[in-house]
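Enquirer: 3D, please:
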Amino acid sequence: MLIPIFGSCPTHLNKQQDEARRIIYGELGHAGLEWRSLGQTDYPMEFPLREVLMLAKHCSGGLILGFSQFETRTGTWKKGTPYEMQQKSVIAFPTAWNQLEAGILFSLGVPLLVFREDNVSGGVFDNGVTDIFIQQIHKGKLTRDHAKSLREVFRKWAIKVHDHYYNKS
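Expert: This next block holds a predicted model:
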């Protein structure tokens, strides 16, 4: 039997992002876990945010995949305030659903595993916001060492997920 985990990932990915997603999905199977998410494995009967909460309550872990959905090199932060600042390098933003879903999962107290692409930051993707280390999404072919370290990350997280599943009250 596979243990359900709530997965947060954008629907539309480029080829490189989709390859990374597939590698991560494969690790779930090795760990005895099953990806569940709104619009991919489960479909809403009510408004989506409520359905996310209902689905998340039936999961024993959360996996957040912060793939870039918007990228820019310029812009103004906190315009019109004393803290106004110009953006001068590439910055990327994930889907807003990553933040919403991560917040719900965090509040439910399930073990979280968070990955982000290069240049993605803010909220749950900033180190120190949660008590977990934010993993980088690997691009390209996995080396043996990287595959081994990825498997170890999933193994450690899966132990917590299994514990939550078998010991939740």
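
Enquirer: name the nearest residue to Q69, sequence neighbours excluded.
Expert: Leaving aside its sequence neighbours, Q69 sits nearest to T95 (Cβ to Cβ, 6 or more residues apart in numbering; 5.0 Å). C-beta coordinates here come from the backbone N, C-alpha and C atoms, glycine included.

Enquirer: the one you found: neighbour count?
Expert: Residue neighbour count, defined by other Cβ atoms under 10 Å, stands at 19 for T95.

Enquirer: that one touches I64, doesn't it?
Expert: No - taking contacts as Cβ atoms under 8 Å, T95 lies outside contact range of I64: 10.2 Å.

Enquirer: bridging residues for F93?
Expert: F93 has these beta-bridge partners by DSSP bridges: F70.

Enquirer: can you pull the contacts of it?
Expert: Residues in contact with F93, defined by Cβ atoms under 8 Å, 6 or more residues apart in numbering, are 68-71, 120, 122.

Enquirer: make TSV out of those residues and add distance to G140.
Expert: Output for the contacts of F93, formatted as TSV (distance: Cβ to Cβ, whole Å):
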residue	distance to G140
S68	16
Q69	20
F70	22
E71	19
V120	17
G122	25
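
Enquirer: which two of those have the greatest separation?
Expert: Across the contacts of F93, the longest distance by Cβ to Cβ is 13.2 Å; it joins E71 and G122.

Enquirer: the two: which is more packed in?
Expert: Neighbour count, other Cβ under 10 Å: between E71 and G122, G122 has more, with 15 against 12.

Enquirer: contacting residues for the more buried one?
Expert: Neighbouring residues of G122 by Cβ under 8 Å, 6+ apart: 93, 99.

Enquirer: over to it: give its phi and psi.
Expert: Torsion angles at G122 (phi, psi; degrees, to the nearest 10) stand at phi 100, psi 140.

Enquirer: from V129, how far out is it?
Expert: G122 sits 9 Å away from V129, going by Cβ to Cβ, to the nearest Å.

Enquirer: and which of the contacts of F93 is nearest Q136?
Expert: Using Cβ to Cβ, the shortest approach to Q136 within these belongs to V120, at 9.5 Å.
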